[in-house]
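# need coordinates for the below:
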Amino acid sequence: MSKVNNKYLQMANNRVYSPERDSSEHIKALLNDSIHGICFSPYIEGQEPGSDITEAQIEARLSILKPHVSWIRTFSCSEGNELIPAVAKRMGFKTLVGAWLDEDLDKNQEEIDTAIAMAKAGEIDLLAVGNEVLLREELTDDQLADYINYAKKEAGIPVGYVDAYYLFENFPKVADACDVIMANCYPFWEGIGIEHAHVYMRDMYYRAVNAGKGKPVIVSETGWPNKGTAFGAAIPNDANAKQYFLQTATWTESLGIPLFYFSSFDEDWKVGDEGDVGAYWGLWDKSGKPKFW
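Down below sits the predicted model:
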């Protein structure tokens, strides 16, 4: 049993159990001991990809996370996001940095080359070449494997790719190209009710492990929204979001599985792609206030 679980059990001894109170205190205990990692975008209210981002804004947002998180994960190396790794490293974080890929081949090369330069500057610990580009059907597995192999040759650090867990089964050429498998595991988006979500998420992870054939596997994204419209049997509310975080973070910590929880802050702009739940995946709200403890 992990030190966080021991601390929680000691804290809960000799008290009448209250799910609302005790889940909040358990979350606080987990975060006070620092979870492995979290997905980070620097956007504040009124911003979206393409908005101007400053180093001061990045530092202000990261300072909220610093007492609670060891690693951060980013999604892009352009539009100001390329400033994040250097700021994060100065503040003591480790970094999983993403190079964003889509159908724009020229922009893809710029993203990867910027990431390679940052890796050579010591700003990146792990590099993710692409995020869900197979899921969006924007590149072929051959194209993606070529990008991964190019980055591996040039960056001098471990390189992987982020996508839904089952796509590493479906595209073994991509899994074989990776140094690290980076699996997104979302029971919510498969309509799984909270009572089965944790077991389902564990199965997702182990399917990615099997596809990796012995390579390290990171849970690069998983989470649960606390507001919005239900998706099948998956219901977004505070109680379910708390339960999912607690089960996921406690399980991954107990087994030493690297976890990047999704997400750090609520972001209004995401409703365009994900519907009303898109704005409510954060452990902190859009103003930076903790939501669950």
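# okay, CA-based contacts and neighbour counts for the rest of this
OK.
# at which residues are the helices of the protein located?
Taking DSSP state H, the helices of the chain run over residues 3-12, 19-32, 55-65, 84-90, 105-120, 141-155, 167-170, 172-177, 194-212, 238-255, 271-274.
# quick one: closest of the ones you listed to Gly232.
helix 194-212 (11.1 Å; Cα to Cα).
# what's that closest one in contact with?
The contact list for helix 194-212 (Cα atoms under 8 Å, 6 or more residues apart in numbering) reads 165-166, 168-169, 172, 175-176, 181, 183, 185-188, 192, 215-217, 219, 233-235, 240, 243-244, 247-248.
# so which of the helices of the chain gets nearest Pro225?
Between the helices of the chain, helix 238-255 lies closest to Pro225; by Cα to Cα that is 6.0 Å.
# hmm, Gly37 and Ser263 touching each other?
No - judged on Cα atoms under 8 Å, Ser263 makes no contact with Gly37 at a distance of 9.7 Å.
# higher neighbour count, these two?
Ranked by neighbour count (other Cα atoms under 10 Å), Ser263 and Gly37 place Gly37 first, with 27 against 23.
# pLDDT score for the more buried one?
Here, the pLDDT recorded for Gly37 equals 98.
# list the beta-bridge partners for it.
Under DSSP bridges, the beta-bridge partners of Gly37 are Trp71, Phe260.
# just put the helices of the chain in CSV and tack on mean pLDDT.
Listed next are these as CSV, based on pLDDT from 0 to 100:
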stretch, mean pLDDT
helix 3-12, 41
helix 19-32, 86
helix 55-65, 98
helix 84-90, 98
helix 105-120, 98
helix 141-155, 98
helix 167-170, 98
helix 172-177, 98
helix 194-212, 98
helix 238-255, 97
helix 271-274, 92
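# columns distance to Lys291 on top of those helices, output as JSON lines?
Shown next, in JSON lines, are the helices of the chain (distance: least, Cα to Cα, whole Å):
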{"stretch": "helix 3-12", "distance to Lys291": "19"}
{"stretch": "helix 19-32", "distance to Lys291": "9"}
{"stretch": "helix 55-65", "distance to Lys291": "13"}
{"stretch": "helix 84-90", "distance to Lys291": "23"}
{"stretch": "helix 105-120", "distance to Lys291": "33"}
{"stretch": "helix 141-155", "distance to Lys291": "37"}
{"stretch": "helix 167-170", "distance to Lys291": "32"}
{"stretch": "helix 172-177", "distance to Lys291": "36"}
{"stretch": "helix 194-212", "distance to Lys291": "19"}
{"stretch": "helix 238-255", "distance to Lys291": "9"}
{"stretch": "helix 271-274", "distance to Lys291": "19"}
